[in-house]
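Chemist: sequence first, then the predicted structure:
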Protein chains: 2
Amino acid sequence: MDQNTLNNAVEAGRASAQEYAGLHYHRLLEAVDGHPRGSVVLPGGRVLPGYPSIARIQSLEAGLHRQFVAPFRAEEKIDGFNVRILREGDAVYAFSRGGFVCPFATDRVPDFVDTTIFEAEPDLILCAEIAGPDTPYLEGSSAQVERDVELFVFDMMRRDRPGFLPHAEREALERAHRLPHAQRHGRFSPQDVDALRELVLKLDARSVEGLVLKEEDGDRRAKYVTGRSCINDIRVCGNQLLDLPPEYFTHRLMRLAIFLTEHARTGDPEIERELGRAFLEGVGDAVQSGRETGHVGHPYRCRFRARANAERFIQHMRATGGRHVRIDPASPQPETGEHAGYWRVDLERRFDRMTGTLASALRGDSQFD
Amino acid sequence: MDQNTLNNAVEAGRASAQEYAGLHYHRLLEAVDGHPRGSVVLPGGRVLPGYPSIARIQSLEAGLHRQFVAPFRAEEKIDGFNVRILREGDAVYAFSRGGFVCPFATDRVPDFVDTTIFEAEPDLILCAEIAGPDTPYLEGSSAQVERDVELFVFDMMRRDRPGFLPHAEREALERAHRLPHAQRHGRFSPQDVDALRELVLKLDARSVEGLVLKEEDGDRRAKYVTGRSCINDIRVCGNQLLDLPPEYFTHRLMRLAIFLTEHARTGDPEIERELGRAFLEGVGDAVQSGRETGHVGHPYRCRFRARANAERFIQHMRATGGRHVRIDPASPQPETGEHAGYWRVDLERRFDRMTGTLASALRGDSQFD
């Protein structure tokens, strides 16, 4: 992107200047010059493309035919957060969906990726999901990760070029550089509804989030999630019932009902109980916490390889997280035991509306509605 | 209310002129001259006061002490719609909460109230709940009514005077005129938390909506609802998941969780299953209906004593219900069998967002969210 275009975008409020550990870059708040929101303009005007939204289909039977005309690959969807990883100068950075350098992901990338890949492929961008119980952003974990965090490469791009690398090229690079990646379930055509249904039910039983379907010779993609992932989301976010947009819950209920109809699982008392329990445990935890501590929140912990990155993360959260993020003042602390060598940060997000509403209800205030 | 005040209110958009079967009146869209929204200005400027909102308490233990300092009566809350009944000229009318004459309630009042009461008490206003499976407004029924509709007087007022009649006077009039009323559960003081808890659990087991607590010598009131009423509401409105404000659901989940904590019922698998089933049955019915008919809606039926009132009701619904209310073109039809002598009206409300979202999902459209 030329300097003039970038300057105009900054002036129009469509791009914003950022700095991370000496790296100066701009993130796009809106589309600029054909580059989508979330794209990053690096030194020299080179562009890290934004990661596009993936369309959701709610019915396999109708959706496959409508969204695909050619063969596609099915990969496991990972319930984590999306980063784009590249090398710039001598360092490797991980950028969030919104176009910020993520200090946490940037710190942890070398645990999972042999970064010499960027010597052979200096223009390469790895699109990866980071998932696990110990992230600073996610309330729940992922079925594929038992402890700490893991990283799964699921797409590749090149700088300044729109679109993704073809399937075969990505697979070859993953193999050559032993990159961890989302589990692949093979090649399907839009007619293979029954085979995909069977696969989805197996993933559902394993509590996997769902599938991402990727056109083999093109950029067309679609996602399809399992019923159990809807219930899991409700469970882990029930204590934020009034703080999340209420559609968070109503949309997941819709998806679950459509899923159960499509897979002939309506009326299953076990699923009914799981759903009711998901809501009641989540909201009940909030009520309990409101009674006992006077506030409702969620604790997060995460680990860093370098103390300096932990400090950068803490500064970033203090600058952007607002008053409802509280960093444990003892952080960062050196870990011991199985995580020895890492620096641990503990934080809490407070849910202001849950806290306020419960405090009012539990002290006996009356409400008009 | 004097004519000048009323004229100014109409000009300011705070009052609106209405007509029903020759009765000309104004309803207040906002407070005017100390009269709340929903009040009605009758011929001669006499005022039917609006029925005030009743405050909700979410915790018995904390709420009783905070909201009451004197003894109060506990009455069963009826899950119906609220009307105010009076005589004007030679006729008896029932007004809705918003200040419209309700053609349905007006028609049916004589089935339940001996209207000669208004000869002895011409200024009297009966505040009543109409409930049952066969109303034109309610998706569910009420635990207290098995068939058709019933009427329960729960408060009395007098024209032009603010406030309610004292408990003893109301009870005497109810007895003298054999008026049907909400079940009364006696007199309590703010210390009687345990007795009220026990009563509430009995009501919960009967699926009763809850209690209205009324200060014996004053106008202070509070309502407290049962956990099961939250689940019932979710069940009967699940097929409107995207058409109701999403807070309809999130607030009921909050209330249920607080109720279960207060009554030490958290973790009950039977309640978990009931809640999950309530959601899944409601939304599942919508999915089923979307698949089979291409739309989602709810059927209502109601009965009228007089054909002319049925016709007035149909006109009223056509004028105010918008395109999503569809009256069965065969209505009104004479009933046969146990309801012989009545005129029956069938209608359907269509839920536009559920219909549209399901149609899109089931034909395989992709969605970005």
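Modeler: That came through fine. Here the structure is a predicted model, which is why all the values come from computation and not from measurement.
Chemist: every contact and neighbour count from this point should use C-alpha atoms.
Modeler: Will do.
Chemist: so residue A:46 makes contact with residue A:160?
Modeler: Yes - the criterion here is C-alpha atoms under 8 Å, and residue A:46 meets it with residue A:160 at 6.2 Å.
Chemist: in chain A, which ranges drop under the pLDDT threshold?
Modeler: A:322 (pLDDT under 70).
Chemist: domains for it, by residue range?
Modeler: What automatic domain parsing lists as the domains of chain A is A:1-48, A:49-225, A:228-293, A:297-350.
Chemist: quick one: stretch A:294-301 near chain B?
Modeler: No - counting by C-alpha under 8 Å from any C-alpha of the partner chain, chain B has no neighbours in stretch A:294-301; the shortest distance is 13.3 Å.
Chemist: how about the residues of the stretch 51-200 of chain A by chain B?
Modeler: A:53-67.
Chemist: in helices, which of those appear?
Modeler: A:60, A:61, A:62, A:63, A:64, A:65, A:66, A:67 (DSSP state H).
Chemist: sorry, back to before: list only buried entries from the residues of the stretch 51-200 of chain A next to chain B.
Modeler: A:54-65, A:67 (16 or more other C-alpha atoms under 10 Å in any protein chain shown).
Chemist: just flag the most distant two among those.
Modeler: A:54 and A:61 (18.6 Å; C-alpha to C-alpha).
Chemist: report the closest residue of the stretch 51-200 of chain A relative to chain B.
Modeler: Residue nearest to chain B within the stretch 51-200 of chain A: residue A:63 (3.5 Å; C-alpha to the nearest C-alpha).
Chemist: what's the closest non-adjacent residue to that residue?
Modeler: Leaving aside its chain neighbours, residue A:63 sits nearest to residue B:364 (3.5 Å; criterion: C-alpha to C-alpha, 6 or more residues apart in numbering or on different chains).
Chemist: relative to residue A:91, how far out is the residue nearest to the spatial centre of chain A?
Modeler: Centre of chain A computed as the mean C-alpha position; nearest residue by C-alpha atoms, centre = their mean is residue A:81, 2.0 Å away. Per C-alpha to C-alpha, to the nearest Å, residue A:81 is found 21 Å from residue A:91.
Chemist: over to residue A:320?
Modeler: 24 Å.
Chemist: what's the answer for residue A:103, then?
Modeler: Distance, residue A:103 to residue A:91, using C-alpha to C-alpha: 13 Å.
Chemist: residue of the stretch 101-250 of chain A nearest chain B, please.
Modeler: Nearest to chain B in the stretch 101-250 of chain A, going by C-alpha to the nearest C-alpha, is residue A:246, at a distance of 5.7 Å.
Chemist: so who does that residue touch?
Modeler: Residue A:246 is in contact with B:246, B:247, B:250, counting by C-alpha atoms under 8 Å, 6 or more residues apart in numbering or on different chains.
Chemist: please enumerate the strands of the stretch 251-369 of chain A.
Modeler: Ranges of strands within the stretch 251-369 of chain A are A:297-304, A:325-327, A:333-334, A:343-350, A:366-367, based on DSSP state E, counting those that start in this stretch.
Chemist: note down every partner strand of the fourth one and its orientation.
Modeler: In the sheet containing strand A:343-350, its partner strands are strand A:297-304 (antiparallel), strand A:325-327 (antiparallel), strand A:333-334 (antiparallel), by DSSP bridges.
Chemist: contact partners of the longest helix anywhere in chain A?
Modeler: Longest helix in chain A by number of residues (criterion: DSSP H): helix A:269-293. With contact meaning C-alpha under 8 Å, 6+ apart, helix A:269-293 is reached by A:231-232, A:234-241, A:295-297, A:354-355, A:358-359, A:362, B:253-254, B:257-258, B:261, B:266-267, B:269-277, B:280.
Chemist: let's see 6 Å
Modeler: If you take C-alpha atoms under 6 Å, 6 or more residues apart in numbering or on different chains as the criterion, helix A:269-293 is touched by A:231, A:234, A:235, A:238, A:239, A:296, B:257, B:272, B:273, B:275, B:276, B:277.
Chemist: now swap in stretch A:193-211 and tell me
Modeler: By C-alpha under 6 Å, 6+ apart, stretch A:193-211 touches A:61, A:75, A:76, A:77, A:143, A:223, A:224, A:225, A:226, A:228, A:229.
Chemist: any buried residues in it, and which?
Modeler: A:193, A:196, A:200, A:201, A:203, A:204, A:207, A:208, A:209, A:210, A:211.
Chemist: how far out from the middle of the chain is that stretch?
Modeler: Centroid separation for stretch A:193-211 versus its chain: 20 Å, with C-alpha atoms, centre = their mean, to the nearest Å.
Chemist: ditto for stretch A:166-178
Modeler: What separates the centre of stretch A:166-178 from the centre of its chain is 22 Å, taken as C-alpha atoms, centre = their mean.
Chemist: coming back round to it: now do the longest helix of chain A against helix B:269-293, angle only.
Modeler: When axes from the mean of the first three to the mean of the last three C-alpha atoms, to 10 degrees is applied, the directions of helix A:269-293 and helix B:269-293 differ by 130 degrees.
Chemist: which positions within helix A:269-293 qualify as buried?
Modeler: A:271-291.
Chemist: ok, stretch A:244-262 next?
Modeler: A:246, A:249-250, A:252-262.
Chemist: could you do stretch A:308-324 as well?
Modeler: Across stretch A:308-324, burial judged by 16+ other C-alpha under 10 Å covers A:309, A:310, A:311, A:312, A:313, A:314, A:317.
Chemist: contacts for stretch A:303-321 next, please.
Modeler: A:103, A:342, A:343, A:344.
Chemist: so who does the last one touch?
Modeler: With contacts defined as C-alpha under 6 Å, 6+ apart, the neighbours of residue A:344 are A:302, A:303, A:332, A:333.
Chemist: out of those, which is nearest to residue B:35?
Modeler: For the contacts of residue A:344, the residue nearest residue B:35 by C-alpha to C-alpha is residue A:302; the value is 58.6 Å.
Chemist: pretty sure that closest one contacts residue A:134?
Modeler: Yes - in terms of C-alpha atoms under 6 Å, residue A:302 counts as a neighbour of residue A:134; the distance is 5.0 Å.
Chemist: look up phi and psi at residue A:98.
Modeler: Here is the backbone geometry of residue A:98 (degrees, to the nearest 10): phi -80, psi -10.
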